[in-house]
Each structure stands twice: as C-alpha cells, then as structure tokens.
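A.B. asks: Structure of the sequence below:
(one chain, ligands or ions: 1)
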Amino acid sequence: MNEHLTVVDHPLVQHKLTLMRDKGTSTASFRQLLREITQLLAYEVTREMPLTTRTIETPLEEMEAPILAGKKLALVSILRAGNGMLDGVLELVPSARVGFVGLYRDEETLQPVQYYFKVPEGLQDRLVIAVDPMLATGNSSAAAVDLLKQAGATDIRFLCLLAAPEGVARMKEAHPDVPIVTASLDRALNSKGYIMPGLGDAGDRMFGTK
Ligand code: URA
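C.D. replies: Prediction:
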C-alpha cells in the first residue's frame with residue numbers, strides 16, 4: 001500500500017456508516033452494521049495480500065489458478081471496541097490468528113495505559129492487521145503498534161471505522177510505515193477526545209454499556 005491513509009468511499013460503506021452514526025440506531029443494528037462495514041473495509045486492507053498459483057482442474061480443463069500465498073494473517077483487536085471488528089474480518093479470512101492489546105485511555109491525560117497483551121507467535125512472518133473502530137488522538141493506536149513492533153511485527157496495517165485528522169497525523173509521525181484504512185476522515189476531536197461528528201463512544205454503542 002503506497003498511501004498512508006485510504007478512505008473507502010464505496011457507497012455501501014458510506015450508507016452503513018450513516019446508519020451507525022445516527023444516535024437512534026439500536027445496539028443490535030450498530031453491531032451488525034459494524035460487522036458488515038468491517039468486511040467491506042477488510043476487502044480493501046487485504047487487497048495486496050500476495051498471490052501464488054496452484055494447478056487445478058475445472059470440469060473443463062486444467063488451469064493455473066490464483067490462490068493466497070503463504071503469508072499468514074494476524075488480526076489484533078485493540079480492546080475493547082476492536083472486538084466489534086473481529087468477526088467481520090474472520091468471516092473473510094477464517095484461518096487468521098487473533099491477538100489482543102488492552103489499552104485504556106486515561107480520561108485526563110488522554111494517554112494510553114496498557115493492561116493486556118497477548119498475540120500469536122511468529123508475528124514477523126505475518127501480515128498484521130490491527131483493528132480499532134476509532135482512531136481519535138492516535139495515542140493508543142500508536143502505543144499498540146509500538147507493542148506489535150516490539151513483538152516482532154514488520155508488516156502492519158491499521159483498520160478503523162472513523163479517523164480524526166489528529167490521529168492520522170500522530171500515526172504518520174510515529175508509524176509512517178503503517179497504512180491506515182478507514183471509512184471516513186472526520187472533522188476534528190472535541191475537548192474530550194471524541195471524534196466530531198463521529199458516532200459517540202463506539203464501545204458503549206456496540207455493547208450497550210453507558
Ligand atoms: N473513542 C470512541 O469510542 N469515540 C470517539 O469519538 C473517540 C474515541
């Protein structure tokens with residue numbers, strides 16, 4: 001991926017995103033929409049997975065047919081909201097390994113604090129896709145990517161639903177080698193670190209907490 005930021009402007013993505021932003025959307029619909037959008041975004045973030053060919057026989061003749069090359073996928077959910085994006089990707093790539101990074105945002109400093117880290121072995125040989133719906137300040141995203149690099153990952157992508165310009169800039173400064181794929185680049189962060197216009201607290205909306 002050459003671009004640092006890819007905004008997926010496909011009409012289905014944009015339509016579903018509007019439904020998700022709407023505060024009247026139920027928890028069940030929000031969760032379902034997130035899963036569906038994630039699949040569409042996953043299509044984009046996996047676009048450059050290497051292919052090889054395999055000789056197969058169709059009912060009519062033999063052919064050299066494209067098939068994914070050996071490079072394995074590791075999906076890493078940035079807790080807790082990242083979990084809402086796991087199933088969508090796993091439906092497309094069921095053999096992916098899954099890791100979790102637990103970081104919470106200190107409400108006052110907005111800085112990330114780590115409380116959990118468990119990732120598959122052999123990250124250096126995998127395409128690693130970190131998922132978190134909201135790229136806000138970028139502090140926790142950059143910290144999560146730091147941890148993944150410390151664990152050996154070299155080929156990392158960041159998949160989110162919404163990005164704020166501040167978060168994109170922070171990621172570009174800290175991890176220019178990590179492409180970001182998102183459904184929207186929103187206007188800005190507010191004073192509490194929420195993305196505007198955004199969709200509110202993604203974790204609360206998908207899990208029905210508040
Ligand atoms: N996390 C969220 O869930 N929402 C935001 O707007 C920013 C961070």
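
A.B. asks: what about the helices in the chain?
C.D. replies: 11-21, 27-45, 83-92, 139-150, 165-174, 202-207 (DSSP state H).

A.B. asks: how distant is the longest one from the center of its chain?
C.D. replies: The offset between the C-alpha centroid of helix 27-45 and the centroid of the whole chain comes to 10 Å, using C-alpha atoms, centre = their mean, to the nearest Å.

A.B. asks: Now do the contacts for A143.
C.D. replies: Residues counted as contacts of A143 (C-beta atoms under 8 Å, 6 or more residues apart in numbering) are L103, P112, Q114. The C-beta positions use only the backbone N, C-alpha and C, and glycine is treated the same way.

A.B. asks: Pick the one among these closest to G167.
C.D. replies: P112 (12.2 Å; C-beta to C-beta).

A.B. asks: count of neighbours near that closest one?
C.D. replies: 23 (other C-beta atoms under 10 Å).

A.B. asks: isn't it right next to L103, touching?
C.D. replies: Yes. Here P112 reaches L103: they are 4.3 Å apart, a contact under C-beta atoms under 8 Å.

A.B. asks: Mutual contacts of the two, please.
C.D. replies: S140, A143, A144.

A.B. asks: for these, which one is nearest the ligand?
C.D. replies: S140 (8.8 Å; C-beta to the nearest ligand atom).

A.B. asks: Up against the ligand, what does the chain have?
C.D. replies: Residues of the chain lying near the ligand by C-beta under 6 Å from any ligand atom: A81, M134, A136, G193, Y194, I195, G198, D201, A202, G203.

A.B. asks: So which of these belong to strands?
C.D. replies: Using DSSP state E, the members of these that fall in strands are M134, I195.

A.B. asks: Now the buried members of the residues of the chain next to the ligand.
C.D. replies: Among the residues of the chain next to the ligand, those scoring as buried are A81, M134, A136, G193, Y194, I195, G198, A202, G203 (criterion: 16 or more other C-beta atoms under 10 Å).

A.B. asks: Pipe those into TSV and attach pLDDT per row.
C.D. replies: As requested, those are arranged in TSV below (pLDDT from 0 to 100):
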residue	pLDDT
A81	93
M134	97
A136	95
G193	91
Y194	96
I195	98
G198	98
A202	96
G203	95
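
A.B. asks: on that earlier part again, identify those among the contacts of A143 that sit within strands.
C.D. replies: L103, P112, Q114.

A.B. asks: Distance-wise, check the residue of the chain positioned farthest from its centre relative to the ligand.
C.D. replies: Computed with C-alpha atoms, centre = their mean, the residue of the chain farthest from its C-alpha average is L60, at 40.4 Å. Using C-beta to the nearest ligand atom, to the nearest Å, L60 is found at 52 Å from the ligand.
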